[in-house]
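[1] below is the sequence, then the predicted model.
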2 protein chains.
Amino acid sequence: MNLRDAFDTPVSAIVLAEGEFGTTGGKTANGVVMHSEIFETAAVVDSAQAGSTTDAVLARPDVPSVPIVDSTEAALSEAPEAEALVIGVAPAGGDLPESWIDDIRTAMRAGCDVVSGLHVFLSDREEWAELAEECGVRLFDVRKPPEEDALRVGDGRVDDVDADIVVTMGTDCAVGKRTTTFELYRAAREAGLDAGWVATGQTGIMVGAHRGVVIDRVPADFTAGVVEDLVVAVAEDHDIVFVEGQAALTHRAYSGVTLSVLHGAWPDAVVLVDDPDRDERTHFDGWPIAGVDSEIEAIEHLSEATVAALSTWGDADDVGADSDVPVANVYDADGPETLLEAVRTAI
Amino acid sequence: MNLRDAFDTPVSAIVLAEGEFGTTGGKTANGVVMHSEIFETAAVVDSAQAGSTTDAVLARPDVPSVPIVDSTEAALSEAPEAEALVIGVAPAGGDLPESWIDDIRTAMRAGCDVVSGLHVFLSDREEWAELAEECGVRLFDVRKPPEEDALRVGDGRVDDVDADIVVTMGTDCAVGKRTTTFELYRAAREAGLDAGWVATGQTGIMVGAHRGVVIDRVPADFTAGVVEDLVVAVAEDHDIVFVEGQAALTHRAYSGVTLSVLHGAWPDAVVLVDDPDRDERTHFDGWPIAGVDSEIEAIEHLSEATVAALSTWGDADDVGADSDVPVANVYDADGPETLLEAVRTAI
């Protein structure tokens, strides 16, 4: 999917993050507010935190300050110019709550395109497709995998691209891979490089990756082929391609997705992301984190890439004292530049 | 899928292997003829080799001798008692050739259930579903993945089973993993063990695995969870569970599937399958085989399993002279027993 080119960027957007803004469950919404090059957030809908502002909830540097309100109706009074509704959370259980249905309809009737990260695909449902046509708006289901007949098995054509390829991998899920990928891309652009990037999850697509597919929805036979196609497409227009990895090679639930991204992208270098304070896997109690050394060994054994740097959630100096590779925290002043420098040395 | 329990085994079957019997493309048909505990092959349909017999084409030990004919009509004259048509090859390009359609219809009208390994799902097509109802026969689409709402992410529940778990992995595709798994299972039964097995590909399901899913059709997020469910189900009724692996951890196109099977099954021991005469990957010219040592290192790094033995397509004595683990060829007289003994020592 190439969401970036579907909009005359940036467009003013309302971000639906009901009940989850600022939490791990709201990470897509959080990412869009902080980083999107497609959507400029005008208001966030989250009735649990209505009355507050985004920068008060997301205690990170450089967060834009926009109001949090309790409905899209309220958001539209704040931002009547909004042209998109971004659904940045998924409801527990799967089905859409009644109040969300009203919120989405209200935004569509006000002329907003809908960019959905829901597990259910709005564009497949007749009532939503009809309403979109009636309102003259578009529906983008970001999780939707490519059509079966567009899928193919990987064949190594990525070996022929001229661009350098860098994959961001991790020691766990939800450890900062998407953020690190984005910060590497931004630092490379600021350094004057012609950089592009590939998303493998919904947040990255909504944030503005040059190409992206929610890779864990693709039938397992085709995951590496899909990643390869994305990388080849972005490499046609750019000199260095950053690729968002998924999960961890040692993560028993999702490792197949992780390895497919590594093998599909077949990178020159890898940046590994770790949270030094995490001992157990997110959402998997009792499953220990295998750790940085174990992950590096697996990555370098199963690919031709060098692990060039460690992107840490912790104190870069503390972690760096024990590390064989350069370490930085992307939220530190020169963090992204330090990681980029290490990558450029390795490739 | 539990095809085994859907039949009052063994049932007399016609195997459709048009143009491919005895070739790698016909490996499902070959496997059914040689090994199925569900289907007793009464005739094979392959117009390219009509007039010959199965044992003349498959130059392996203990192959039953049945006629190869040019249509299901001819097969039904040979075997009017047939109760199933097994479609053991997939047509090039995807769509069903006209002559196959006639063959399948003829068998259904004669009262045969259809067990299909086709990429297209007959049970999803109205004309086939109607004909099946009219003829009072059943349609089994073996490649069909479980319904989305039956899928879940792996969670490690396999750690709680009492049975020993053994996964058969390989250095490439089409190297003998399914055959080795079956031979280990058969040797274990003959040794008096209460053994069961799990298939992850269509041939294994048709041959009679206790549970199976064509794992490469499952969305990547759920592959490990599906394998875990299959292993847990078979472990409820058996003391040792053999699991068919897929591809190779070092196979850039399919490695995600491989790692999902390893992590979903989380075995006590692994048997690695290798063809010592193969330097390049099957169907992937220019991709070298990483080799036995590299594969063992990856398996043991990414799991808690021991690689207990090597199942070789080559000369077991030659290969064994250079190996750190016991080696056997399953087609040698005591081959399966040697592998089983190594497994029992390791677990």
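    Perfect, I can see it now.

[2] give me the neighbour count for residue A:335.
    Neighbours of residue A:335 under the rule other C-beta atoms under 10 Å in any protein chain shown: 19. C-betas here are computed from N, CA, C, even on glycine.

[3] wait, it touches residue A:183, no?
    Yes. Assessed by C-beta atoms under 8 Å, residue A:335 is found in contact with residue A:183 at 7.2 Å.

[4] what's the overlap in contacts for these two?
    Counting by C-beta atoms under 8 Å, 6 or more residues apart in numbering or on different chains, residue A:335 and residue A:183 have no common neighbour.

[5] how far away is the closest residue to residue A:298 other than its chain neighbours from residue B:288?
    Leaving out its chain neighbours, the residue that sits closest to residue A:298 by C-beta to C-beta, 6 or more residues apart in numbering or on different chains is residue A:249, at 4.4 Å. Distance from residue A:249 to residue B:288, counting by C-beta to C-beta, to the nearest Å: 21 Å.

[6] buried residues, stretch A:48-63. List them.
    By 16 or more other C-beta atoms under 10 Å in any protein chain shown, the buried positions in stretch A:48-63 come out as A:49, A:52, A:53, A:54, A:55, A:57, A:58, A:63.

[7] can you check stretch A:339-347 too?
    Residues of stretch A:339-347 classed as buried: A:339, A:340, A:341, A:342, A:343, A:344, A:346 (neighbour count, 16+ other C-beta under 10 Å).

[8] now those as a markdown table including pLDDT and secondary structure?
    Converted to a markdown table, the buried residues of stretch A:339-347 look like this (pLDDT from 0 to 100; DSSP: H, G, I helix; E, B strand; the rest coil):
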| residue | pLDDT | secondary structure |
| --- | --- | --- |
| A:339 | 98 | helix |
| A:340 | 98 | helix |
| A:341 | 98 | helix |
| A:342 | 98 | helix |
| A:343 | 98 | helix |
| A:344 | 98 | helix |
| A:346 | 96 | helix |
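
[9] which one of these is nearest to chain B?
    residue A:346 (20.7 Å; C-beta to the nearest C-beta).

[10] ok, now which ones touch the closest one?
    The contact partners of residue A:346, taken as C-beta under 8 Å, 6+ apart, are A:268, A:269, A:306, A:308, A:309.

[11] residue A:150: neighbour count?
    10.

[12] relative to residue B:133, how far out is it?
    From residue A:150 across to residue B:133, the span is 34 Å (C-beta to C-beta).

[13] for residue A:40, same thing?
    Distance of residue A:40 to residue B:133, computed by C-beta to C-beta: 57 Å.

[14] of these two, who's got more company?
    residue A:40 (19 against 11).

[15] need the residues of chain A near chain B, please.
    Residues of chain A lying close to chain B (C-beta under 8 Å from any C-beta of the partner chain) are A:145, A:153-156, A:215-221, A:223-225, A:249-260, A:263-264, A:266, A:284, A:286-287, A:294, A:297-298, A:301-302.

[16] one more time with 6 Å
    Within chain A, the positions near chain B by C-beta under 6 Å from any C-beta of the partner chain are A:153-154, A:216-221, A:223-224, A:252-253, A:255-257, A:259-260, A:263, A:298, A:301.

[17] narrow those residues to those that are buried.
    Applying 16+ other C-beta under 10 Å to the residues of chain A next to chain B flags A:153-154, A:216-221, A:223-224, A:252-253, A:255-257, A:259-260, A:263, A:298, A:301 as buried.

[18] residue A:249 and residue B:288: which is more packed in?
    residue A:249 (29 against 11).

[19] tell me the contacts of the more buried one?
    Residue A:249 makes contact with A:255, A:258, A:298 under the criterion C-beta atoms under 6 Å, 6 or more residues apart in numbering or on different chains.

[20] help me confirm that the first one comes into contact with residue B:259.
    Yes. Contact between residue A:255 and residue B:259 holds when scored by C-beta atoms under 6 Å: they sit 4.9 Å apart.

[21] nearest to chain B: which residue in the stretch 1-150 of chain A?
    For the stretch 1-150 of chain A, C-beta to the nearest C-beta, closest residue to chain B: residue A:145, 7.6 Å.

[22] residue contacts, that residue?
    Residue A:145 is in contact with A:217, A:218, counting by C-beta under 6 Å, 6+ apart.

[23] how long is stretch A:240-249 end to end?
    End-to-end distance for stretch A:240-249, by C-alpha to C-alpha, to the nearest Å: 24 Å.

[24] can you check stretch A:16-29 too?
    7 Å.

[25] and the contacts of it?
    Residues from elsewhere that reach stretch A:16-29 (C-beta under 6 Å, 6+ apart): A:15, A:44-46, A:48-49, A:57-58, A:87-89, A:117, A:174, A:202-203.

[26] okay, and the helix or strand of chain A with the least pLDDT?
    Within chain A, judged by mean pLDDT, DSSP states H and E, the helix or strand with the poorest mean is strand A:284-288; its value is a mean of 93.

[27] give me the helices and strands touching it, please.
    Using 3 or more C-beta pairs under 6 Å, 6 or more residues apart in numbering or on different chains; DSSP states H and E, no helix or strand is in contact with strand A:284-288.

[28] all helices of the stretch 201-347 of chain A, in order?
    A:202-207, A:223-235, A:255-265, A:292-302, A:316-321, A:335-346 (DSSP state H, counting those that start in this stretch).

[29] where does the prediction get shaky in chain A?
    A:93-94 (pLDDT under 70).

[30] ok, now with 90
    For chain A, the stretches with pLDDT under 90 are A:1, A:24-25, A:59-62, A:90-99, A:119-120, A:148-149, A:283, A:285.

[31] residue contacts, the residue at minimal distance from the centre of it?
    Closest residue to the average C-alpha location of chain A: residue A:204 at 2.6 Å, with C-alpha atoms, centre = their mean. Neighbouring residues of residue A:204 by C-beta under 6 Å, 6+ apart: A:178, A:212, A:244.

[32] which residue ranges make up the domains of chain A?
    A:4-141, A:150-346 (automatic domain parsing).

[33] run the chain-centre distance for the first one.
    Pointing back at domain A:4-141 there. Domain A:4-141 sits 16 Å away from the centroid of its parent chain (C-alpha atoms, centre = their mean, to the nearest Å).

[34] measure that domain end to end?
    This stretch, domain A:4-141, spans 14 Å end to end (C-alpha to C-alpha).

[35] could you check how far the nearest residue in space to residue A:121 that is not next to it in sequence is from residue A:92?
    With sequence-adjacent residues excluded and distances taken as C-beta to C-beta, 6+ apart, residue A:121 is closest to residue A:141, at 4.2 Å. Relative to residue A:92, residue A:141 is positioned 19 Å away (C-beta to C-beta).

[36] neighbour-wise, which of the two wins?
    Taking other C-beta under 10 Å, residue A:141 and residue A:92 do not tie; residue A:141 has more neighbours (22 against 10).

[37] neighbours of residue A:214, how many?
    Residues within reach of residue A:214, counting by other C-beta under 10 Å, total 25.

[38] and it, what does it touch?
    Listed by C-beta under 6 Å, 6+ apart, the contact set of residue A:214 reads A:143, A:202.

[39] burial check on the residue nearest to residue A:112 when sequence neighbours are not counted, number of neighbours?
    Nearest non-adjacent residue to residue A:112, counting by C-beta to C-beta, 6+ apart: residue A:85, 4.4 Å away. Using other C-beta under 10 Å, residue A:85 is surrounded by 27 other residues.

[40] list the neighbouring strands of the helix or strand containing residue A:85 plus their orientation.
    Using DSSP states H and E, residue A:85 maps to strand A:84-87. Here strand A:84-87 has these sheet partners by DSSP bridges: strand A:11-16 (parallel), strand A:113-116 (parallel).

[41] for chain B, what's the nearest residue on the stretch 51-200 of chain A?
    At 4.2 Å from chain B, residue A:154 is the closest residue in the stretch 51-200 of chain A, using C-beta to the nearest C-beta.
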